[in-house]
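Chemist: how would this look folded up:
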Amino acid sequence: MQIILLHPRFSAKTLTLTRWHLMLLGVVFLSSVILVSFFLYYLTFRHATDLNIPVVRDVLASATQDDTSKKDKYVKENLAAMAMKLGEMQAQLMRLDALGERVQGLAGVKPQEFNFREMPGRGGAEPSSLKDKPLSMNEFQQLLDAMARDVEHRADYMNVVETTLMGHKIKSKLLPTIQPVNVSYNASGFGWRFDPFTGRQAFHEGIDFAAATGTPIVAAAGGVVITAEYHHQFGNMVEIDHGNDMITRYAHCSRLGVKVGDIVRRGQHVADIGSTGRSTGSHLHFEVLVKGIQQDPHKFLSAGADQAKLAALAAR
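Modeler: Predicted coordinates:
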């Protein structure tokens with residue numbers, strides 16, 4: 001394409017436009033049109049309220065309404081999610097309260113000293129306006145998630161504490177800490193003494209409780225009966241296995257009330273006092289064996305008496 005330029009004072013000039021020149025001119029023209037359009041668009045919507053153009057006003061109102069509806073939808077969705085999270089936390093707190101009450105009972109803490117269902121006291125000085133910072137939706141959601149995780153971790157911790165306390169309580173129930181016969185004294189203690197038959201010094205491997213024939217004998221702790229038979233020295237004898245290599249022996253009974261394999265409870269009637277076997281009179285010979293070695297039963301019985309005194313004081 002050629003363009004001839006004519007002027008009376010100059011000679012004629014010829015401009016040759018190739019296809020690339022035309023494309024460049026087209027691009028420049030389109031760019032100018034787009035820039036002018038954007039400029040007019042900016043001026044129109046920037047000063048829409050001053051110009052009071054009905055079409056522009058309607059478009060702006062529609063856009064504002066769409067933004068408002070989107071924000072409302074976003075808020076409703078977040079509120080629904082937070083409501084679900086609050087419901088989960090409420091269920092976890094109820095579970096935590098129940099766990100706390102069980103742990104409280106296992107630990108022997110009085111309900112009036114620590115009530116899980118009462119809000120703890122809180123307070124402090126009123127914050128100044130400079131320190132008062134409003135929470136955004138995202139910050140509130142983060143705090144809610146952090147609190148939910150904290151509640152879950154504390155519930156797990158309470159489960160561990162409950163399991164540990166329950167284990168200690170079970171072990172204490174399996175220790176022979178209650179006196180097997182309801183008498184105020186023992187006729188012969190644990191240790192060296194003069195044998196009533198030979199008159200020589202001999203080691204007495206248990207405690208003798210003197211009482212009338214037929215007096216009930218109870219299990220000093222829960223366990224399983226492993227022996228219920230006649231022994232040529234101990235007479236009618238009962239042995240109870242309490243686990244952890246601990247056994248209690250009840251000898252010289254007049255009658256046995258259990259058989260091998262029976263599971264007995266702490267304080268359950270297992271036999272009656274008598275004078276069978278190598279005995280000079282009606283009494284109970286009581287032994288505590290740990291790993292097959294006789295131990296002083298008084299250590300276990302005194303520990304049980306101390307626990308009973310503490311429990312009585314705590315109940316007041």
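Chemist: buried sites along stretch 281-291?
Modeler: In terms of neighbour count (16 or more other Cβ atoms under 10 Å), stretch 281-291 has its buried residues at 282-289. (Glycine included, C-beta is placed from N, CA and C.)
Chemist: and the furthest pair within these?
Modeler: Greatest spatial distance in the buried residues of stretch 281-291: Ser282 and Leu289, 23.7 Å, computed using Cβ to Cβ.
Chemist: tell me the pLDDT of Ala212.
Modeler: At Ala212, the model reports a pLDDT of 94.
Chemist: please give the element, helix or strand, for it.
Modeler: Ala212 is part of no helix or strand when elements are defined by DSSP states H and E.
Chemist: leaving out chain neighbours, which residue sits closest to it?
Modeler: Closest residue in space to Ala212, ignoring its immediate chain neighbours: Ser282 at 6.1 Å, by Cβ to Cβ, 6 or more residues apart in numbering.
Chemist: show me what contacts that neighbour?
Modeler: Contacts here follow Cβ atoms under 8 Å, 6 or more residues apart in numbering; on that basis Ser282 touches 210-213, 254, 273-275.
Chemist: between the residues you listed, which is nearest Ser188?
Modeler: Using Cβ to Cβ, Ala210 comes nearest to Ser188 of the contacts of Ser282, at 8.5 Å.
Chemist: distance of that closest one relative to Asn244?
Modeler: Counting by Cβ to Cβ, to the nearest Å, the separation of Ala210 from Asn244 is 30 Å.
Chemist: can you check Trp192 too?
Modeler: The separation that Trp192 has from Asn244, given Cβ to Cβ, amounts to 28 Å.
Chemist: likewise for Thr163?
Modeler: 18 Å.
Chemist: in which helix or strand would I find His285?
Modeler: strand 283-290.
Chemist: could you do Leu86 as well?
Modeler: Short version, using DSSP H and E: Leu86 is in helix 54-107.
Chemist: after that helix, which helix or strand is next?
Modeler: Per DSSP H and E, the first helix or strand lying C-terminal to helix 54-107 is helix 137-173.
Chemist: what's the first helix or strand after that next one?
Modeler: Sequence-wise, the next helix or strand beyond helix 137-173 is strand 191-194, with elements assigned using DSSP H and E.
Chemist: other SSEs contacting that following strand?
Modeler: Strand 191-194 sits against strand 201-204, with contacts defined as 3 or more Cβ pairs under 8 Å, 6 or more residues apart in numbering; DSSP states H and E.
Chemist: list the strands paired with the strand it packs on, with their directions.
Modeler: With DSSP bridges as the criterion, the sheet partners recorded for strand 201-204 are strand 191-194 (antiparallel).
Chemist: what lies in contact with the partner strand?
Modeler: With contacts defined as Cβ under 8 Å, 6+ apart, strand 191-194 is touched by 200-204, 296.
Chemist: go again using 7 Å as the cut-off
Modeler: 200-204 (Cβ atoms under 7 Å, 6 or more residues apart in numbering).
Chemist: pLDDT of it, averaged?
Modeler: For strand 191-194, the mean per-residue pLDDT is 91.
Chemist: remind me which residues of the stretch 151-300 of the chain are low pLDDT?
Modeler: Within the stretch 151-300 of the chain, the ranges that satisfy pLDDT under 70 run 164, 166-172.
Chemist: returning to that earlier point: for the buried residues of stretch 281-291, which one is nearest Asp97?
Modeler: When the buried residues of stretch 281-291 are compared for distance to Asp97 (Cβ to Cβ), Val288 comes out closest, at 40.9 Å.
Chemist: now do the contacts for that closest one.
Modeler: Applying Cβ under 7 Å, 6+ apart, the residues contacting Val288 are 176, 248, 295, 297, 300.
Chemist: which residues sit in contact with the first one?
Modeler: I take that to be Pro176. The neighbourhood of Pro176, defined by Cβ under 7 Å, 6+ apart, consists of 220-221, 242, 248, 288, 300.
Chemist: now it: how far from Phe209?
Modeler: The separation that Pro176 has from Phe209, given Cβ to Cβ, amounts to 14 Å.
Chemist: on that earlier part again, and Ala210 and Asn244? which has more neighbours close in?
Modeler: Relative neighbour count places Ala210 above the other of Ala210 and Asn244, with 16 against 10, counting by other Cβ atoms under 10 Å.
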